[in-house]
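Undergrad: need a structure here:
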Amino acid sequence: MKIKQGDTVLVIAGKDKGKTGKVLSAYPKEDRVVVEGVNIRTRHQRLRRSNQKGQIVEKTAPIHVSNVQLIDPKTKKPTRIGMRIENGKKVRVAKKSDTVIA
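TA: I've put the predicted structure just below:
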């Protein structure tokens, strides 16, 4: 999986298509990522103690990694990701601008 935590991505499919956000967490085994402000689910929470109220909590759910595309840090446009070996290390490279992604 070429998208990592901290990357800025664009959602390219689904109900949140067109939204951008930062990847909060990545789950490579399931090929899913959690993007802030995207795929928000509401969950009804029961009261835990007698002095606490029940409430509706909004939570961001993971989406499949194929539905997001990395935003190129140089051009600020969506791009595909390639790999290159530099100085004996494998680095991610933006295909559009050919810049190394940190």
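Undergrad: all strands for the chain, in order.
TA: Secondary structure of the chain (DSSP state E): strands located at 8-11, 20-27, 32-35, 40-45, 55-60, 63-64, 68-71, 78-79, 81-86, 89-94, 100-101.
Undergrad: so what sits opposite the residue nearest the centre of the chain in the bridge?
TA: The residue at the geometric middle of the chain, judged as the C-alpha nearest the mean C-alpha position with CA atoms, centre = their mean, is residue 23 (3.3 Å). When bridges are taken as DSSP bridges, the partners of residue 23 come out as residue 35.
Undergrad: hmm, it is touching residue 38, no?
TA: No - contact between residue 23 and residue 38 fails when scored by CB atoms under 8 Å: they sit 9.9 Å apart. Heads up, the C-betas are built off the backbone N, CA and C, glycines and all.
Undergrad: check residue 50 and give its pLDDT.
TA: If you check residue 50, the pLDDT there is 83.
Undergrad: that one: neighbour count?
TA: With neighbours defined by other CB atoms under 10 Å, the count for residue 50 comes to 5.
Undergrad: can you tell me how far residue 82 sits from residue 68?
TA: For residue 82, the distance to residue 68 under the criterion CB to CB, to the nearest Å works out to 17 Å.
Undergrad: out of those two, which sits in the busier spot?
TA: residue 68 (26 against 13).
Undergrad: can you tell me which residues contact the nearest residue to that one once chain neighbours are set aside?
TA: Among residues not flanking residue 68 along the chain, residue 9 sits closest, at 4.2 Å (CB to CB, 6 or more residues apart in numbering). Contact analysis of residue 9 by CB atoms under 8 Å, 6 or more residues apart in numbering lists 3, 20, 21, 22, 23, 33, 35, 68, 69, 70, 71.
Undergrad: which of these are buried?
TA: Buried subset of the contacts of residue 9 (neighbour count, 16 or more other CB atoms under 10 Å): 3, 20, 21, 23, 33, 35, 68, 69, 70, 71.
Undergrad: with pLDDT and distance to residue 61 as added columns, please give these in JSON lines.
TA: Compiled in JSON lines, the buried ones among the contacts of residue 9 are given as follows (pLDDT from 0 to 100; distance: CB to CB, whole Å):
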{"residue": "3", "pLDDT": "96", "distance to residue 61": "17"}
{"residue": "20", "pLDDT": "97", "distance to residue 61": "17"}
{"residue": "21", "pLDDT": "97", "distance to residue 61": "13"}
{"residue": "23", "pLDDT": "98", "distance to residue 61": "14"}
{"residue": "33", "pLDDT": "98", "distance to residue 61": "11"}
{"residue": "35", "pLDDT": "98", "distance to residue 61": "10"}
{"residue": "68", "pLDDT": "97", "distance to residue 61": "14"}
{"residue": "69", "pLDDT": "97", "distance to residue 61": "19"}
{"residue": "70", "pLDDT": "97", "distance to residue 61": "20"}
{"residue": "71", "pLDDT": "96", "distance to residue 61": "21"}
